[in-house]
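*Asks:* below is the sequence, then the predicted model.
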Amino acid sequence: MAMLPVQDLALEATLQMAPMPVLLAVVSNGCPHCVALKPRLAAMANKYHENVQTWALVAEEAPVHGPAFAADGVPALLGFVGGQPVWRHVGAPDNTALSAMFDDLVRRRAAGPRAVGW
């Protein structure tokens with residue numbers, strides 16, 4: 001399973017209904033760091049697809065939420081559990097940090113509702 005592109009409409013409702021944690025990647029088509037991150041993120045999405053959904057939101061195509069989620073820059077990676085944000089990372093992480101982000105979401109899923117929160 002690869003990354004799922006998401007639309008701007010009803011993003012919060014879609015996050016609330018997600019059956020598992022979500023790693024939301026906010027990217028920009030003109031960002032070289034975003035382009036470089038894409039294949040590594042897709043590989044992690046395939047590896048963790050049973051426990052984490054990986055979504056991509058293109059900032060310039062999402063006039064309402066894209067700029068808000070990427071306010072500090074792109075790429076921005078946001079972790080959500082139960083529709084609630086649990087962490088945010090701005091910049092292209094190395095493979096070790098990217099794997100740790102997915103592992104954190106898996107751990108939070110296993111811990112249940114108590115694991116939600118910044």
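*Replies:* Yep, it's here.

*Asks:* residue contacts, the residue positioned nearest the centre of the chain?
*Replies:* Nearest to the mean C-alpha position of the chain, by C-alpha atoms, centre = their mean, lies residue 24 at 1.8 Å. Residue 24 makes contact with 6, 15, 55-57, 69, 77-80, according to C-beta atoms under 8 Å, 6 or more residues apart in numbering. Every residue, glycine included, has its C-beta placed from N, CA and C.

*Asks:* repeat the analysis, applying 7 Å as the threshold.
*Replies:* Residue 24 is in contact with 55, 57, 69, 78, 80, counting by C-beta atoms under 7 Å, 6 or more residues apart in numbering.

*Asks:* pretty sure it is in a strand, no?
*Replies:* Yes. Membership of residue 24 in a strand is supported by DSSP: H, G, I helix; E, B strand; the rest coil.

*Asks:* from the contacts of residue 24, which is closest to residue 108?
*Replies:* residue 80 (9.7 Å; C-beta to C-beta).

*Asks:* type out the PyMOL command that picks the buried ones from the contacts of residue 24.
*Replies:* Burial among the contacts of residue 24 is assessed by 16 or more other C-beta atoms under 10 Å; the matching PyMOL selection reads:
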select buried, resi 55+57+69+78+80
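
*Asks:* what's the closest of the contacts of residue 24 to residue 35?
*Replies:* The shortest gap between residue 35 and any of those belongs to residue 57, at 15.4 Å (C-beta to C-beta).

*Asks:* alright, calling it a day.
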